[in-house]
Structure formats: C-alpha cells, structure tokens
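Student: below: sequence and its predicted model.
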Amino acid sequence: MNRPAKKKAVPAPPWPTDLEHRLLAEVLREGDQVIDATCGNGHDTRFLARCVGPSGRVLAFDVQAAAIGAAARLAEESGLRDRIDFFHESHAGLAERAAPESIAAVMFNLGYLPGADREVTTRPEATLPALEAAARVLRPGGWLCVMAYSGHEGGPEEAAVVEGWMASRADLLWRVARYGMLGTLSPAPVLLLAVKPG
C-alpha cells in the first residue's frame, strides 16, 4: 500500500528576533565582550552568553529590578551566570561600564517587560543617549541591533526616532538595514541593524 508523500514544510521568512540571533551567531566569537542594553527576562542575555563562551563577557542592563532578577535566574539555570555582569541601571549610561571600541555587539529590545507593568517602557529620551553610547563602545566592525515595537503607547514614536538615528549612521559610512514582517494581525517588531565601519 502506497502512503501519501509527506508535504515538505514551506520555507518562510524568519521572524525578526530569529534573524537577529542568526546574524549575531555568525559574527560573535569566543572571548568577545557584548552588551544587552535591555535584558528584560534574560533571553537575549542568555543567547549572548552562549555566543561569547566561557572567556567572554556580557554586560546586561535594565532599570527594573524584576527584569534583573528574572534574567539572573535564567542565567543561573542555564549555567551561564559567571559570564554575565548585571547592572540595575539605565542603558543610557552603558558607556561608563565599557571602554571605547571594546564591544563586539550591542542588543536593544525596546518596549516593556513581558508579564510586567506595560506603563513602564523604554523612551526616546533614554534610548537615544544609549544609542550614542553604544556607538562609542562598539569596536570597528561591531554590530548594533535594535528590536523596535510599535504595539504599545509611545512605541511608534520611539521606533521612528530610533530609525532616524540609524539612518543618520549611513552618512557616517555605517552599514544600516531595516527588517520586518508584513501583513501580521498585530504590529510586529522591526529589526534595525547597524554595523560600525571597520
């Protein structure tokens, strides 16, 4: 008896968060120093810690104690806590924690902490100084990745401000890109990428 052939899964464009991880996994190396500017529940922090290996370092920032606690627990459960320094402070001051041109990548995941108060969100008045700080600490060839969300109050405005800042980097010879899904039922995040000239 012949069985019907199984249908092959149709390849689909990656979700922006998946693409971000795929791209960074290609460029980060053992021993790199990286920054998670908005550690949230710790998923990007854990990803970065795995990428940089035992000799690397992750600097993870968040203004919410709940986020730092959740991210630290996830890191502990994953056996990665010894690679991460947590800072319960704004990402706007990240340049005080890293030397100029010492960082291989900086990740931002804007918006609010999932499962927490949605009124507490990132805002352009802190995010723009943080982007400037990230530009200073990134080494030549370093990657700046921003996941911007427009599905909450203030989100579209912040995303537009960040996109404008990113576009201005192109004038300074950074390689800049924008990636997002179309036709989603709810607003999907947009990935903004910039690579510092080498």
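Tutor: Okay, I see it. Because the structure is a prediction, the values reported are computed rather than measured.

Student: and the pLDDT at the nearest residue to residue 93 once chain neighbours are set aside?
Tutor: Spatial nearest neighbour of residue 93, chain neighbours left out: residue 133 (7.2 Å); criterion: CB to CB, 6 or more residues apart in numbering. To be clear about C-beta, it is placed using only N, CA and C from the backbone, and glycine gets the same treatment. On pLDDT, residue 133 comes in at 97.

Student: so what's the residue count around the residue lying closest to residue 124 once chain neighbours are set aside?
Tutor: Ranked by CB to CB, 6+ apart and with sequence neighbours excluded, the top spatial neighbour of residue 124 is residue 161, at 4.4 Å. Neighbour count for residue 161, taken as other CB atoms under 10 Å: 17.

Student: in three-state terms, label residue 161 for me.
Tutor: With DSSP: H, G, I helix; E, B strand; the rest coil as the basis, residue 161 sits in helix.

Student: I'd like to know how far it sits from residue 125.
Tutor: Residue 161 sits 10 Å away from residue 125, going by CB to CB, to the nearest Å.

Student: okay, and the residue nearest to residue 93 sits in which element?
Tutor: Assigned by DSSP states H and E, residue 133 belongs to helix 124-137.

Student: any buried residues in that helix, and which?
Tutor: For helix 124-137, the neighbour count (16 or more other CB atoms under 10 Å) marks 124, 127-131, 133-135, 137 as buried.

Student: list just the nearest of these to residue 145.
Tutor: Closest approach to residue 145 among those (CB to CB): residue 134, at 9.8 Å.

Student: ok, so what distance separates the closest one from residue 101?
Tutor: 12 Å.

Student: what does residue 191 give?
Tutor: Distance, residue 191 to residue 101, using CB to CB: 24 Å.

Student: one more: residue 90?
Tutor: 22 Å.

Student: repeat that for residue 29.
Tutor: 16 Å.

Student: repeat that for residue 64.
Tutor: Using CB to CB, residue 64 is found at 29 Å from residue 101.

Student: so which of these two has more stuff around it?
Tutor: residue 64 (17 against 12).

Student: check the gap between the more buried one and residue 85 for me.
Tutor: 17 Å.

Student: likewise residue 127?
Tutor: For residue 127, the distance to residue 85 - CB to CB - is 21 Å.

Student: mind listing the strands for this protein?
Tutor: Taking DSSP state E as the criterion, the chain carries its strands at 33-36, 57-61, 84-87, 103-109, 138-148, 175-180, 190-195.

Student: in TSV, list those strands along with mean pLDDT and mean neighbour count.
Tutor: As requested, these are exported to TSV (pLDDT from 0 to 100; neighbours: other CB atoms under 10 Å):
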stretch	mean pLDDT	mean neighbour count
strand 33-36	98	28
strand 57-61	98	24
strand 84-87	98	19
strand 103-109	97	24
strand 138-148	97	21
strand 175-180	96	16
strand 190-195	96	22
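
Student: kind regards, and thank you for your time.
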